[in-house]
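Chemist: Here's my sequence, what's the structure:
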Amino acid sequence: MNPIVDEQVEANGLRFAVSRCGDGDRLALCLHGFPECRYSWRHQLPLLARLGYRAWAPDLRGYGGSERPVGRQHYALEKLLDDVTGLIDAAGAREVVLLAHDWGAIIAWFYAMRKARPLDGLVIMNVPHPAAAREAAGWRQRLRSWYMLFFQLPWLPELLLRSRPVGKLFHDTAVHKERFGPEVQAIYTENARIPGAAKAMIDYYRGLLSGGGWKRQEALGMPRIDVRTLMLWGEQDIALGKETTLGTARYVSDLTLRYLPDASHWVQQDEPDMVNAMLEAWLRGAPVPEASQLA
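Modeler: As a prediction, the model looks like this:
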């Protein structure tokens with residue numbers, strides 16, 4: 001068994017807290033979402049190490065044990081993309097597979113499009129391709145995404161984030177609630193209450209919308225992604241509808257898409273055994289089983 005070890009990595013001028021598992025010159029870089037932290041990849045890191053990867057799960061800038069520059073401008077999408085490049089360069093690996101969930105997946109989609117560094121594989125969990133999401137943005141999905149507009153307000157969103165137990169959100173919206181017990185909830189709640197963390201987390205959304213990050217990326221275009229891609233989707237996602245995934249194949253040349261009917265938005269934590277079985281098959285180049293074959 002490869003233990004998970006916490007360490008500090010300097011990349012793109014910042015210090016990142018990274019959970020590492022395994023060694024070698026093949027990097028599996030895992031990007032978490034909101035309001036998570038590197039702990040969200042705890043079930044996948046040992047698997048990736050067993051498959052021969054040096055698995056890194058960093059706290060993204062502003063989160064957990066990583067540095068928190070102050071100001072919305074520091075959470076512009078371009079800076080987040082540069083962080084990925086910095087982490088890849090710091091690892092010095094000959095191969096890179098990028099795994100990403102939620103906000104990490106927004107970063108990963110654009111990173112694969114911009115081709116700042118070569119990727120040998122892309123794994124996306126519960127965030128649609130930006131162009132597919134735009135096409136599927138009907139009134140129902142717009143209502144589901146109300147919180148993104150709320151996050152554009154000053155100071156109030158981070159006040160609410162600090163004052164409430166963030167960890168309870170995971171439990172209340174999960175399918176397998178037993179996987180999000182008090183100890184798990186406490187980790188996420190405590191991370192959100194680190195001084196400055198809540199504002200940094202909300203500034204991701206401000207940088208994307210009112211800060212113009214989305215418009216700048218749209219202006220650059222959304223070229224077809226030619227990296228081999230696995231997309232895993234928990235169907236019990238209260239924020240993002242399954243319909244946002246349906247046009248993905250138009251934008252990804254080599255796509256494998258699997259739905260998990262009994263998983264929530266927190267798919268890799270809610271159904272870790274099923275996610276890991278699909279992930280292992282894909283990384284080995286074997287046929288990826290459907291959820292019904294693993295039930």
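
Chemist: quick one: low-confidence parts of the stretch 101-250 of the chain?
Modeler: 138-139, 142 (pLDDT under 70).

Chemist: quick one, strands of the stretch 1-150 of the chain?
Modeler: 5-11, 14-21, 26-31, 54-58, 95-101, 121-125 (DSSP state E, counting those that start in this stretch).

Chemist: ok, residue 207 to residue 201 distance?
Modeler: 11 Å (Cβ to Cβ, to the nearest Å). (Each C-beta comes from the backbone N, C-alpha and C, glycine too.)

Chemist: okay, the two: which has more neighbours?
Modeler: residue 201 (26 against 22; other Cβ atoms under 10 Å).

Chemist: taking the mean pLDDT, what do you get for the lengthiest strand in the chain?
Modeler: Across the chain, the strand with the greatest residue count (assigned by DSSP state E) is strand 255-264. Averaging the model's pLDDT scores along strand 255-264 yields 98.

Chemist: now do stretch 286-294
Modeler: 97.

Chemist: Name the surrounding residues that touch it.
Modeler: Stretch 286-294 has contacts (Cβ atoms under 8 Å, 6 or more residues apart in numbering) with 230, 256, 258-262, 273-274, 277-278, 281-282.

Chemist: I'd guessed residue 41 sits against residue 57; true?
Modeler: Yes. Using Cβ atoms under 8 Å, residue 41 is in contact with residue 57, at 4.0 Å.

Chemist: what's in contact with the longest helix along the chain?
Modeler: Across the chain, the longest stretch assigned as helix under DSSP state H is helix 77-91. The contact list for helix 77-91, computed with Cβ under 8 Å, 6+ apart, reads 9-14, 16, 27, 29, 31, 54, 56, 58, 60-61, 96, 98, 106-108, 110-111, 114, 116-117, 204, 207-208, 213-214, 216-217.

Chemist: again, but for stretch 48-57
Modeler: 2, 9, 18-30, 32, 38, 40-41, 44-45, 87, 91, 93, 97, 280, 283-284.

Chemist: For it, the averaged confidence score.
Modeler: 98.

Chemist: in it, what's buried?
Modeler: 48, 49, 51, 53, 54, 55, 56, 57 (16 or more other Cβ atoms under 10 Å).

Chemist: for stretch 219-237, same thing?
Modeler: Buried-residue list, stretch 219-237, by 16+ other Cβ under 10 Å: 222, 225, 227-237.

Chemist: Could I get the residues you listed in a markdown table, plus columns for distance to residue 148 and secondary structure?
Modeler: What follows is the buried residues of stretch 219-237, written out as a markdown table (distance: Cβ to Cβ, whole Å; DSSP: H, G, I helix; E, B strand; the rest coil):
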| residue | distance to residue 148 | secondary structure |
| --- | --- | --- |
| 222 | 19 | coil |
| 225 | 24 | strand |
| 227 | 27 | coil |
| 228 | 30 | coil |
| 229 | 24 | strand |
| 230 | 26 | strand |
| 231 | 21 | strand |
| 232 | 22 | strand |
| 233 | 19 | strand |
| 234 | 19 | strand |
| 235 | 21 | strand |
| 236 | 20 | strand |
| 237 | 15 | coil |
